[in-house]
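**Student:** Just the structure for this:
(one chain, ligands or ions: 1)
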Amino acid sequence: MGEFTVTKEKLLLALSTVEEPDLKKDLVTLNMISDIEIGVNQVTFTVILTTPACPLKELIKQRCVDAIHRDLGDDFEININMTSNVTSILNKNLLLPQVKNIIAISSGKGGVGKSTVTVNLAMALKKSGAKVGIIDADISGPSIPIMFGAEDLQPLVSVKDGKNFISPIMQYGIKMISIGFLTPPDSAVVWRGPMASQALKQFFGDVDWGELDYLLLDLPPGTGDIHLTLVQTVPVTGAVIVTTPQKVALADATKGGSMFSQANINVPILGIIENMAYFTPAELPDNKYFIFGEGGGQQLADKFNVPVLGQIPLVQKIREGGDSGRPIMMDESEVVSTAFFSAAENLAQQIAIRNANLPKTEPVKMR
Ligand SMILES: Nc1ncnc2c1ncn2[C@@H]1O[C@H](COP(=O)(O)OP(=O)(O)OP(=O)(O)O)[C@@H](O)[C@H]1O
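**Tutor:** Here you go, the predicted model:
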């Protein structure tokens, strides 16, 4: 073995030829390389990804190794640690200074599975290593407490800098708040109009969220006061539209999506999740029956020029998970968990791309 001549500068030069495939810039320019240590016949460094759920993790690692071998030789050891630091557009948001991304999960129609998708996406993001919270913004029809088996839990109040804060409920590692935790069962229905909007504002301002990478909002179906309150109260990183493949659902989903992309609201749509995309019977897991039609999610995605983030099958265990308060994502051996993991990865990826390329969203000012 010859003399070991690798230096920090040479290593950085080699790594500056590796492009982050999504962000289209090199790893050095993006400040993604840290903690370089040059030892005897070995180099060690860390790659800081923009999301823990990065689907390109292995690819990026391999490209680093290839670039180093190509430029500096291959007679030494390479140790690469992969970590992540989720990017944000919200750091100047005084209301929630420690929340990096606020994501609106919306649908045109009711009953398409928006809450189910929110819950399982949250679990998938959490399992990939992110800090995740959920606001149940469906004030008149909250379903998050039941879906998390948390309907008997009540949030505590804590005092911070002389102000009272509600501590979110922590269930399965996810922080969450819902009107269902604060009012007796069956009474939430009366929370309409201005009261519901006020409740949502309090979920932002009066809840001690702490540090979060992703705060997901389970919105009511359609477009209404709550949606307007949301975009006026906080800068929203982006919206996800959940739809089933049927024509009727798509028409409503188009209206819902158009609200976010209106010029004066300007919340980027991050992608579409097609729920109940096909039916898969438990005893024939490889069979797909497109009972609600095929290709609807893609049509909607094309209309908004965004990707389909995921296709979630209609399976009995998803419904059972919702009803029993144990989201299906609790059990990774379930075949369907790959569908949610992949949707969560794609969502995290789109958030990173959005944060790298688009200007910050500003809260909407109503005249
Ligand atoms: N992929 C799926 N497979 C099986 N059942 C599902 C699936 N997605 C949702 N469901 C079931 O469909 C029902 C409606 O889902 P959910 O409450 O998530 O819809 P929603 O769009 O949030 O409704 P709304 O906002 O109108 O209350 C629930 O019983 C849920 O368990």
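
**Student:** mind checking which helix or strand residue 259 is in?
**Tutor:** Per DSSP states H and E: residue 259 is located in helix 247-261.

**Student:** in stretch 5-25, what's buried?
**Tutor:** Neighbour counts over stretch 5-25 (16 or more other Cβ atoms under 10 Å) mark 6, 11, 14-15, 17-18, 20, 22-23 as buried. C-beta coordinates here come from the backbone N, C-alpha and C atoms, glycine included.

**Student:** same deal with stretch 259-272?
**Tutor:** In stretch 259-272, counting by 16+ other Cβ under 10 Å, buried: 259-260, 265, 267-272.

**Student:** next helix or strand past the helix holding residue 259?
**Tutor:** Following helix 247-261 in sequence, per DSSP H and E, is strand 269-279.

**Student:** elements contacting that following strand?
**Tutor:** helix 114-127, strand 238-243, helix 247-261, helix 296-304, strand 308-314, helix 337-357 (3 or more Cβ pairs under 8 Å, 6 or more residues apart in numbering; DSSP states H and E).

**Student:** Redo the ones you listed as JSON lines? Include distance to the ligand and mean pLDDT.
**Tutor:** Output for these, formatted as JSON lines (distance: least, Cβ to the nearest ligand atom, whole Å; pLDDT from 0 to 100):
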{"stretch": "helix 114-127", "distance to the ligand": "3", "mean pLDDT": "97"}
{"stretch": "strand 238-243", "distance to the ligand": "7", "mean pLDDT": "96"}
{"stretch": "helix 247-261", "distance to the ligand": "10", "mean pLDDT": "87"}
{"stretch": "helix 296-304", "distance to the ligand": "13", "mean pLDDT": "93"}
{"stretch": "strand 308-314", "distance to the ligand": "4", "mean pLDDT": "96"}
{"stretch": "helix 337-357", "distance to the ligand": "9", "mean pLDDT": "94"}
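
**Student:** Nearest to the ligand among the buried residues of stretch 259-272?
**Tutor:** residue 272 (14.2 Å; Cβ to the nearest ligand atom).

**Student:** Correct me if wrong: that closest one contacts residue 308.
**Tutor:** Yes - contact criterion Cβ atoms under 8 Å: residue 272 and residue 308 qualify, at 5.1 Å.

**Student:** so what sits against both of the two?
**Tutor:** 297, 301 (Cβ atoms under 8 Å, 6 or more residues apart in numbering).

**Student:** most tightly surrounded among the helices and strands packed on strand 269-279?
**Tutor:** strand 238-243 (a mean of 29; mean count of other Cβ atoms under 10 Å).
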